[in-house]
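model the following, please.
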Amino acid sequence: MDVLGVMIGLALLFGIAVAVLAVVGTVKAAKAVAAKVDRHEANARRAVENAALKAKTYTKAGPQGQISAVRLGLRTSLSGTRQVLESGLAQDGQLSESLGLLARLDVHAAELDGELRTLEREPDAGRIAAKLPELRERAERITHSAETMRWAAQDRMHRFADDELSRLSKECESEAGALRHWDTSGGAGSSGSAGASGTAGAGAGRGAGAAGAAREGSQQRPGLTDGKGGRPSAEDLLGLGDPLARLAQRLRKPTTGSSAG
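Next up is the predicted model:
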């Protein structure tokens, strides 16, 4: 009975934990969706306001058009800097500090934009002419600070890209050199063996040529025992070749006395 109660209690605790987790997940999802909707709504509202300011800049003359131009330049500078910093934050974590500074600049820019909006509705042209130079100077300071960070971030990203490209080029060159460095030991051994076999063959050829030349020389040179082809006979050696030939001719000639008898 006690075991059954413990199991039931554990099941109830598990069910409560699952319900709490579901509620927490639902709340977080709802907050994320609401934040995303607010962000898109703010972007849409900002785009509409920028389009209206651009139209006022070109359509209205005098102080009203100047105020619209100051507001538009301030918004454009801050928006461009934010886009550059957020795009490079994934590769460079140090840009988070720049984003923090930009958020502080954005607060000052929002205050200045409110003052410019109020001055835009001011009916007194004299007050507008008196306040506008000061507000324009503040806007230029904020714009210059934002542009300085944007240009520095761009230079930093370009420098990192160049360094990475240089390292990649060196690695590619090293890999190309490794691919061209094939093993020459086998080729040297094979060429050495081929050279040795060629040398041996040449030596054998020279030996065979020498033997053939010796045989030809022995055949061409006259010897003491040759009977033909320039070898002297026994009659030549004894000096009897010519007398024997004359005696043989004399014996072959018939005599007149014998033929008569």
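
where do the helices of this protein begin and end?
2-59, 63-88, 95-120, 125-180, 185-220, 234-238, 241-252, 256-260 (DSSP state H).

which of those helices comes out lowest on mean pLDDT?
Of all the helices of the chain, the minimum mean pLDDT falls on helix 256-260 (a mean of 44).

if we can go back for a sec, for the helices of the chain, which one ends up most surrounded?
helix 63-88 (a mean of 19; mean count of other CB atoms under 10 Å). For every residue, glycine as well, the C-beta is placed using N, CA and C.

what's the angle from that helix to helix 2-59?
140 degrees (axes from the mean of the first three to the mean of the last three CA atoms, to 10 degrees).

who are the packing partners of helix 63-88?
helix 2-59, helix 95-120, helix 125-180 (3 or more CB pairs under 8 Å, 6 or more residues apart in numbering; DSSP states H and E).

these two touch, right, Ala129 and Pro63?
Yes: contact criterion CB atoms under 8 Å: Ala129 and Pro63 qualify, at 6.5 Å.

what residues does Gly114 make contact with?
With CB atoms under 8 Å, 6 or more residues apart in numbering as the criterion, no residue contacts Gly114.

could you report the distance from it to Arg156?
Applying CB to CB, to the nearest Å, the value for Gly114 to Arg156 is 33 Å.

do Arg45 as well
Counting by CB to CB, the gap from Arg45 to Arg156 is 32 Å.

ok, now Leu99?
For Leu99, the distance to Arg156 - CB to CB - is 14 Å.

need the phi and psi values for Gln94.
phi -70, psi -20 (degrees, to the nearest 10).

looking at the helices and strands packed on helix 63-88, which is closest to Val84?
Closest to Val84 of those is helix 125-180 (CB to CB; 5.1 Å).

what's the closest of the helices and strands packed on helix 63-88 to Gly80?
It's helix 125-180; of these, that one is closest to Gly80 (CB to CB) at 6.2 Å.

now do that closest one against helix 63-88, angle only.
Using the same axes, to 10 degrees: helix 125-180 against helix 63-88 is 20 degrees.

for helix 125-180, name the packing helices and strands.
helix 63-88, helix 95-120.

how far off helix 2-59 does the last one point, in degrees?
An angle of 50 degrees separates the directions of helix 95-120 and helix 2-59 when computed by the same axes, to 10 degrees.

shift numbering so it begins at 734
That works, and once the first residue is 734, the last one we named lands at helix 828-853.

ok, Gln816 to Leu822 distance?
Taken as CB to CB, the span from Gln816 to Leu822 is 11 Å.

same deal with Gly738?
55 Å.

what does Ile741 give?
On the measure of CB to CB, Ile741 and Leu822 end up 51 Å apart.

check His891 too.
From His891 over to Leu822 (counting by CB to CB), the distance is 16 Å.
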